[in-house]
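Peer 1: Any chance you could fold what I've pasted below:
(one chain, ligands or ions: 2)
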Amino acid sequence: MVKKILTVAGSDAGGGAGIQADLKTFEEYGTFGLSTITSILTVSPKTKTPSIYPIPIEIVEKQLETAFSGGPLDALKIGLLGSLPVIDLLEASIKKVNQSHVVLDPVMAVKTNKEVLQPELVKAMISKLIPLADIITPNLVETSILADMPIIETEEDMTLAAKKIFNLGAKSVIIKGGDRFKGNSATDLFYDGKQFLFIHEDKLETNTNHGAGCSFAAAITAGIAKGLDMETSVKLAKKYVTSAIKYGVYLNDFTGYVWHGAFQEATNRMIIGDDFK
Ligand SMILES: Nc1ncnc2c1ncn2[C@@H]1O[C@H](COP(=O)(O)OP(=O)(O)O)[C@@H](O)[C@H]1O
Ligand SMILES: Cc1ncc(COP(=O)(O)O)c(C=O)c1O
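Peer 2: Ligands and ions are numbered 1, 2, ... in the order given. Coordinates of the predicted model:
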């Protein structure tokens, strides 16, 4: 039976991040995607600043009711939350349907802009959603906030941050170094309370990494929905996102998006998982 995955996230008009990234990624993995849209995010072509337009909470609730009408899904991915009431609603819904396989991408920063989005949501996300997550996938900006460490420059800094974030209650964490990490490597660190696993890929000199974080977390979600263990899902997601960045698509002169079809085109096969352990 095809695996069903719900994404609860923001809509990205550019098509490469948010809900759009998640649904495209789920499809690439041969899984069936459902969506609950929490907000709409736009990025001004003039100032490059993002704006978030939350969807009224009653409408978010109706979408969740539809998505969970057959009980829990094979996995759930959480992205941009958009407003405080969404956090309470999501916490209650996850508990009510007993949803497992929860991936939390704690979206607090987009790449066109250094400012933290919606800082007022961080406390509630930490106390209500992190404890329900099987994995949390912060980028370096989000890692600094969650670990309360202003500077993360070395692998030792990442290790300490991973321990601190794990101690907030998630079952595992992957810190995405990406192009914010110093040096030539796009280094990520996975920690599940037992092992620290650094995953390295060469840093790609391109702007086509918008949507990389969403797509990476969506790929991890699809992996665990298909029965892969977390470590294998993370390693496969890293290969998937690296191809997607490499063969990305430019929208204008400052934004390029990952291309979700790249991995499959390069390998000429569906993403199953077992072949890539
Ligand atoms: N320029 C790049 N070259 C190679 N990998 C990258 C690059 N930018 C991001 N990545 C990788 O893409 C994934 C998403 O990370 P990142 O872009 O930092 O997340 P976010 O989109 O949440 O900011 C990570 O695996 C990261 O290492
Ligand atoms: C709805 C939404 N969520 C999340 C993001 C973050 O994207 P990324 O995967 O580049 O971190 C964006 C970026 O534009 C977005 O539009």
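
Peer 1: ok, now which ones touch Lys203?
Peer 2: By Cβ atoms under 8 Å, 6 or more residues apart in numbering, Lys203 lies in contact with 179, 181, 183-186. For every residue, glycine as well, the C-beta is placed using N, CA and C.

Peer 1: Out of these, which comes closest to ligand 2?
Peer 2: Set against ligand 2, the nearest of the contacts of Lys203 by Cβ to the nearest ligand atom is Asp179 (10.8 Å).

Peer 1: these two touch, right, that closest one and Thr208?
Peer 2: No - using Cβ atoms under 8 Å, Asp179 is not in contact with Thr208, being 11.0 Å away.

Peer 1: Of these two, give the one with the bigger neighbour count.
Peer 2: Thr208 (22 against 17; other Cβ atoms under 10 Å).

Peer 1: can you give me the strands for the stretch 151-277 of the chain?
Peer 2: Assigned by DSSP state E, counting those that start in this stretch, the stretch 151-277 of the chain shows strands spanning 173-176, 188-191, 196-199, 249-250, 256-257.

Peer 1: So which of these is the most surrounded?
Peer 2: strand 173-176 (a mean of 27; mean count of other Cβ atoms under 10 Å).

Peer 1: Report all helices and strands that it contacts.
Peer 2: strand 135-136, helix 140-147, helix 155-166, strand 188-191, helix 212-225 (3 or more Cβ pairs under 8 Å, 6 or more residues apart in numbering; DSSP states H and E).

Peer 1: Of these, which is nearest Asp22?
Peer 2: Proximity to Asp22 (Cβ to Cβ) singles out helix 212-225 among the helices and strands packed on strand 173-176, at 4.2 Å.

Peer 1: averaged over its residues, what pLDDT does the closest one have?
Peer 2: Averaged across helix 212-225, the pLDDT comes to 98.

Peer 1: Look up how far Val241 lies from Lys114.
Peer 2: Distance check for Lys114 against Val241: by Cβ to Cβ, to the nearest Å, it reads 22 Å.

Peer 1: Equivalent analysis for Gly18, please.
Peer 2: Applying Cβ to Cβ to Gly18 and Val241 gives a distance of 15 Å.

Peer 1: Between the two, which has more neighbouring residues?
Peer 2: Val241 (31 against 28).

Peer 1: doesn't Val258 make contact with the more buried one?
Peer 2: Yes - assessed by Cβ under 8 Å, Val241 is found in contact with Val258 at 6.8 Å.

Peer 1: Pretty sure Leu121 sits in a helix.
Peer 2: Yes - counting by DSSP: H, G, I helix; E, B strand; the rest coil, one finds Leu121 located in a helix.

Peer 1: Thought Pro85 was touching it, still the case?
Peer 2: No - look at Leu121 against Pro85 with Cβ under 8 Å: they stay out of range, at 10.5 Å.
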